[in-house]
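Engineer: Structure for the following, please:
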Amino acid sequence: MDFFDSLIADFTDLCSGLERKSFPYSDKTDWPEKDYSEVILQRDTAGELDGVGFNLITHKSVDDEIVLIGDDIKEISSKRRFARVTVVQLENTDDEQKLYNLIRKVEYVKYHFFPEGYMIRTASRAHKEAVRISKSAVKRGLSFEKIGNALISRYKENPAVKGVRVYFITEPQADFSKIEAVAQKNNGITETLNHILNSVKFDCDSCNLKPICDEVEGMKELHFKNMQMGS
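Structural biologist: Coordinates of the predicted model:
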């Protein structure tokens with residue numbers, strides 16, 4: 001379960017020194033959602049966000065909250081670099097297969113999250129996330145606090161989810177290239193877990209996932225344990 005904790009520390013360091021606002025989670029904050037992905041045309045668009053969106057998993061305690069670093073939705077009137085990073089506390093388990101299954105279930109949330117006036121386009125492998133915000137939603141008071149509350153509510157529909165902190169970053173001074181590097185490494189760890197738990201046979205010396213096994217504590221041990229179980 002500790003596979004991703006170093007990434008959470010790296011991400012937290014990247015956010016240090018940047019001004020932020022924090023909002024406690026409330027399941028009373030209501031913003032309408034649709035059953036499908038809404039299409040927002042350019043002429044109806046108030047602002048656009050382009051960047052990454054990904055989850056970081058831990059079993060350590062996480063407070064339910066929304067953290068905003070940069071401008072809120074009503075202050076964005078053009079295209080803006082963006083990151084949405086969600087730190088998710090899952091119930092503790094020593095069963096790596098169960099952990100991997102839970103990670104996937106948490107990941108699926110973003111593909112079924114359709115807030116009204118907030119069109120999300122994603123690319124899973126690259127963790128790309130782009131958002132188009134409608135003028136009407138801005139007029140009705142849409143904010144990252146409301147989007148964050150709705151998103152946390154979706155995550156917490158899974159009883160294995162114990163805490164969720166959602167970061168929305170629009171601050172131009174944020175190091176988005178390093179945040180993207182965290183996203184890529186996060187994807188690499190998940191991909192490596194998938195290979196190991198599906199007993200994919202590969203030569204460590206030639207495997208492109210070897211750097212992950214070498215760097216992430218416990219990954220190499222899990223690999224060899226699974227190899228012995230499958231032999």
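
Engineer: quick one: buried residues of stretch 85-94?
Structural biologist: Of all the residues in stretch 85-94, those buried under the rule 16 or more other Cβ atoms under 10 Å are 85-90. C-beta here means a position set from N, CA and C on the backbone, and glycine is covered the same way.

Engineer: nearest to residue 172, of the residues you listed?
Structural biologist: Of all the buried residues of stretch 85-94, the one sitting nearest residue 172 is residue 85; the distance, using Cβ to Cβ, is 16.9 Å.

Engineer: Could I get the contacting residues of the closest one?
Structural biologist: Applying Cβ atoms under 8 Å, 6 or more residues apart in numbering to residue 85 gives the contacts 11, 52-56, 166-167, 169, 179, 182.

Engineer: In contact with residue 149, which residues?
Structural biologist: 23, 25-27, 29, 31, 66.

Engineer: What subset of those is buried?
Structural biologist: Judged by 16+ other Cβ under 10 Å, buried ones among these: 23, 25, 29, 31, 66.

Engineer: elements contacting the longest strand belonging to the chain?
Structural biologist: Assignment by DSSP state E gives strand 45-58 as the longest strand of the chain. For strand 45-58, the packing partners by 3 or more Cβ pairs under 8 Å, 6 or more residues apart in numbering; DSSP states H and E come out as helix 5-15, strand 79-90, helix 96-108, strand 128-134, helix 135-139, helix 176-197.

Engineer: can you list these in JSON lines and add mean pLDDT and distance to residue 117?
Structural biologist: As requested, the helices and strands packed on strand 45-58 are exported to JSON lines (pLDDT from 0 to 100; distance: least, Cβ to Cβ, whole Å):
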{"stretch": "helix 5-15", "mean pLDDT": "95", "distance to residue 117": "27"}
{"stretch": "strand 79-90", "mean pLDDT": "97", "distance to residue 117": "16"}
{"stretch": "helix 96-108", "mean pLDDT": "87", "distance to residue 117": "23"}
{"stretch": "strand 128-134", "mean pLDDT": "96", "distance to residue 117": "4"}
{"stretch": "helix 135-139", "mean pLDDT": "97", "distance to residue 117": "2"}
{"stretch": "helix 176-197", "mean pLDDT": "85", "distance to residue 117": "24"}
